[in-house]
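Novice: sharing a model prediction with you, sequence too.
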Amino acid sequence: MPIFDRFGELISDVQTESSGCDRKTLEAIDLSLAKLPHGSFVGADLYWVTFFDADLSASNFSHAAMHGVDLKDADCRGANFSSARFLPDLLGLPCELQGTNLTEAVLEGVEFICATYDSRTKWPASFDPRQHVGLRKVSKN
């Protein structure tokens with residue numbers, strides 16, 4: 001599936017293993033249900049990108065800036081989020097991790113500035129979300 005940046009410039013075909021999204025700006029893109037295992041978003045600037053129920057297993061989001069990104073129910077098993085930043089969007093809305101599977105994800109140096117999760121969110125065994133002030137647990141609606 002081709003995706004375009006906010007200026008209408010073709011970014012890449014996101015279904016390929018090497019997605020070509022490294023250091024790109026992706027804004028207001030809906031990738032719900034996308035199959036993107038091993039996708040690469042290294043250093044990307046992601047704003048209002050929706051990955052609802054997407055397969056992002058073993059994808060690389062290291063050093064990415066994620067503004068109001070929706071990862072609800074996404075499969076992020078083994079994904080690399082090292083040094084990524086989970087930030088609010090311009091309206092102050094958080095990144096959403098409700099139901100996200102982060103089992104075996106790499107979270108070294110990750111900054112949770114503004115993100116929510118719920119009781120269904122699965123974390124790596126050694127990770128305690130209560131130790132991160134920018135992570136807020138919410139009730140499932």
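Specialist: Everything's here; your move. The shown structure was predicted, so the numbers you read here are calculated from the model rather than taken from an experiment. Numbering: from 1, shown residues only.

Novice: so what's the nearest residue in space to Pro37 that is not next to it in sequence up against?
Specialist: In space, and not counting its chain neighbours, Pro37 is closest to Ser57: 4.7 Å by C-beta to C-beta, 6 or more residues apart in numbering. For the C-beta atoms, the positions are set from N, CA and C on the backbone; glycine is no exception. Applying C-beta atoms under 8 Å, 6 or more residues apart in numbering to Ser57 gives the contacts 37-38, 75-79.

Novice: for Ala34, see how far away His132 is.
Specialist: 27 Å (C-beta to C-beta, to the nearest Å).

Novice: higher neighbour count, those two?
Specialist: Under the criterion of other C-beta atoms under 10 Å, the comparison of His132 against Ala34 puts Ala34 first, with 21 against 17.

Novice: so that one sits right up against Phe51, yeah?
Specialist: Yes: counting by C-beta atoms under 8 Å, Phe51 is a contact partner of Ala34 at 7.0 Å.

Novice: in contact with the nearest residue to Ala44 once chain neighbours are set aside, which residues?
Specialist: In space, and not counting its chain neighbours, Ala44 is closest to Ala64: 4.8 Å by C-beta to C-beta, 6+ apart. Shown in contact with Ala64 (C-beta under 8 Å, 6+ apart): 41-46, 81, 84-85.

Novice: Ala64 and Leu56, how far apart?
Specialist: 12 Å.

Novice: count residues in the vicinity of the closest residue to Glu111 other than its chain neighbours, would you?
Specialist: For Glu111, ignoring the flanking residues on the chain, the nearest one in space by C-beta to C-beta, 6+ apart is Arg85 at 4.5 Å. Arg85: 19 surrounding residues under other C-beta under 10 Å.

Novice: beta partners for Arg85?
Specialist: Ala65, Glu111 (DSSP bridges).

Novice: now for it: which residues touch it?
Specialist: So Arg85 contacts 64-66, 110-111, 113 (C-beta under 8 Å, 6+ apart).

Novice: Gly99 now?
Specialist: Counted by C-beta under 8 Å, 6+ apart, Gly99 has contacts 72-73, 118, 120-121.

Novice: so where is the chain shaky, pLDDT-wise?
Specialist: Residue ranges of the chain with pLDDT under 70: 1-20, 140-141.
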